[in-house]
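# Provided below are the primary sequence and the corresponding predicted coordinates.
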Amino acid sequence: MDINFNKNEDHNKLLVSELRKKLAQVKLGGGEKRIEKHHTKGKMTARERIAYLLDEKKPSIEIAAFAGEGMYEEHGGAPSGGVVVKIGYVKGKQCIVVANDATVKAGAWFPITAKKNLRAQEISIENRLPIIYLVDSAGVYLPMQDEIFPDKEHFGRIFRNNAVMSSMGITQISAVMGSCVAGGAYLPIMSDEALIVDKTGSIFLAGSYLVKAAIGESIDNETLGGATTHCEISGVTDYKAKDDKDALDTIKNIVSKIGDFDKAGYNRDKPAKPALNPEDIFGIVPRSRADQYDMREIIKRLVDNSDFEEYKEGYGKTILTGYARIDGWAVGIVANQRKLVKTKQGEMQFGGVIYSDSADKATRFIANCNQKKIPLVFLQDVTGFMVGSKSEHGGIIKDGAKMVNAVSNSVVPKFTVVIGNSYGAGNYAMCGKAYDPRLIVAWPSAELAVMSGNSAAKVLLQIETASLKKKGETITPEVEKELFDRIKARYDNQISPYYAASRIWTDAVIDPLDTRKWISMGIEAANHAPIEKAFNLGVIQV
């Protein structure tokens, strides 16, 4: 191995170490003191509940662990958005689990909490996955009610989704393990089956204080909406559990009896590990955005037996397309090539840039995968489409539009991994969040933005200096440098993978070595949902 490989390896392993530290902090929720207080009430934490519910020896993945990071500091923060979401297995059946974290503002709903819950429901709907809600929430976080209450993608959409999911035949099970108040009370009752934990669980549209204020009735919360009330008087809930573990055991028993599902029929062979060492990825991905590397070397360390059957290898070289298997699943891979490449006409093409021939190739390959019912995996390290008179005259906009059209209308499941750059329209063409990937994850080396930090800072600097000069201010080189550094620092924060993850523009920041697990579990989930419509590009300029 050369010295550059070793330096890259050190850099990328440090990024993964930082990721692990951040995840460890997030997993503390509201902090150790609040966890202790939670335990004194005889309750398990959200993460403990999920760990007990999921099959111990089966893999699981966490959705949006960094949701809300750095977004609500003036309100004391909302680690993981105050809710934990995982895809795992209950009695061997793949499910998605949503658990309110009552150590974070008593499980109150911030705007990002609603977005995260809606994302969980979206995954359930797209993949027809059973969904389990572990409810322990004080309801909407009132200081921010105007940002969570009335809009289409706000709190109320969740109950609308409950109804739609029920009509689709998607199993929904709720366990009320703490507070469940106001509008939030509809979620468990709109599920197929609802459980409540005795003495700690409660369901009511208005608590005892509000009842007293509204109608003058004096009543305690347990009598108003406790387990005995709802299991023996109102009939609102279906099962009464003596404690958290009893409730979770009941859910396991219910799930164990769910019948089999109709399969989409994606091809799977016996899983095999890559022939080349996946840990080499750390030395291959460059620490500098200016450095090049061969994306084929990454692919060979992600796919079974390191076998990659390349499609149109000699054409459109800044995008790699081809067939492979990941954990046995057949996949079609669309990846940005980060090497400077040479065409047969002797022209050089910049790595990471999409040219007309690359877009044309990718469009045809995506259509082929839809024809063959093969899931698509996009590996992003893209700076955008090629610009300049030659590209414009050659119809880059038309070819780019064809690729975007193919990605948009694809009916096979899509999975996106952001390895490096994800800039501008390149993010769109390579199946960014707006193009409905079933799962989208980023490596710690990723950057998501309209353009790179350097480019954006230079543009913004020109605008700011022009504005200052109009006001008659003198711009010295020192002042210009200070302005540039300040602008770039602000922009660099916004292009961080954690900034994107906090807003759920991606589902997770992951260790590159977990990529195969995410894609495999994602395809297994997608296999629950047979394709219901034909692939059709619509009107397209050829």
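Yes, it's here.
# Now residue 340: closest residue in space, sequence neighbours ignored.
residue 351 (5.4 Å; Cβ to Cβ, 6 or more residues apart in numbering). All C-beta atoms are positioned from the backbone trio N, CA, C, and that covers glycine.
# element containing that neighbour?
Residue 351 belongs to no helix or strand when assigned by DSSP states H and E.
# quick one: contacts for it?
292, 318, 336-341 (Cβ atoms under 8 Å, 6 or more residues apart in numbering).
# Which strand or helix spans residue 245?
Using DSSP H and E, residue 245 falls in helix 244-255.
# name the helices or strands packed onto that helix?
helix 46-53, strand 83-90, strand 172-181, strand 193-197, strand 239-241 (3 or more Cβ pairs under 8 Å, 6 or more residues apart in numbering; DSSP states H and E).
# now, of those, which is deepest in the fold?
Neighbour counts (mean count of other Cβ atoms under 10 Å) averaged over each of these peak at strand 172-181, with a mean of 26.
# if we can go back for a sec, in strands only, show me the contacts of residue 351.
336, 341 (DSSP state E).
# Which pair of the contacts of residue 351 spans the longest distance?
336 and 340 (12.9 Å; Cβ to Cβ).
# With neighbour numbers in mind, choose between those two.
residue 336 (27 against 14; other Cβ atoms under 10 Å).
# Report whether the expected contact of the more buried one with residue 350 is present.
No: applying Cβ atoms under 8 Å as the test, residue 336 and residue 350 come out as separate, 10.9 Å apart.
# Next, show the common contact partners of these two.
residue 318.
# so where is this protein shaky, pLDDT-wise?
1, 183, 451-453, 456, 540-542 (pLDDT under 70).
# For the lengthiest helix in it, list the C-alpha coordinates in CSV.
Longest among the helix segments of the chain by residue count, using DSSP state H, is helix 3-26. The C-alpha coordinates for helix 3-26 follow below in CSV (Å, rounded to 0.1, in the frame of the first residue of the first chain):
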residue,chain,number,x,y,z
ILE,A,3,1.6,6.4,1.6
ASN,A,4,-1.5,8.1,0.1
PHE,A,5,-3.6,5.0,0.8
ASN,A,6,-2.5,5.1,4.4
LYS,A,7,-3.3,8.8,4.8
ASN,A,8,-6.7,8.2,3.3
GLU,A,9,-7.3,5.3,5.6
ASP,A,10,-6.3,7.3,8.7
HIS,A,11,-8.6,10.2,7.7
ASN,A,12,-11.6,8.0,6.9
LYS,A,13,-11.3,5.9,10.0
LEU,A,14,-11.2,9.1,12.1
LEU,A,15,-14.5,10.1,10.4
VAL,A,16,-16.0,6.7,11.4
SER,A,17,-14.7,7.1,14.9
GLU,A,18,-16.4,10.6,15.1
LEU,A,19,-19.6,9.0,13.8
ARG,A,20,-19.6,6.4,16.6
LYS,A,21,-19.1,9.0,19.2
LYS,A,22,-22.0,11.1,17.9
LEU,A,23,-24.2,8.0,17.8
ALA,A,24,-23.2,7.1,21.4
GLN,A,25,-24.2,10.6,22.5
VAL,A,26,-27.5,10.5,20.6
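# Buried residues in that helix, which are they?
Of the residues in helix 3-26, 8-9, 11-12, 15-16, 19, 22-23, 26 count as buried by neighbour count, 16 or more other Cβ atoms under 10 Å.
# ok, now stretch 296-305?
296, 298-304.
# how about CSV for those residues, with distance to residue 373 and secondary structure added?
Shown next, in CSV, are those (distance: Cβ to Cβ, whole Å; DSSP: H, G, I helix; E, B strand; the rest coil):
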residue, distance to residue 373, secondary structure
296, 25, helix
298, 26, helix
299, 21, helix
300, 25, coil
301, 26, coil
302, 21, coil
303, 19, coil
304, 19, helix
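# mind listing what the residue nearest to residue 188 when sequence neighbours are not counted touches?
What sits nearest to residue 188 in space, not counting adjacent residues and going by Cβ to Cβ, 6+ apart, is residue 174, at 3.4 Å. Residue 174 is in contact with 132-135, 187-189, 191, 193-195, counting by Cβ under 8 Å, 6+ apart.
# Done for today, thanks.
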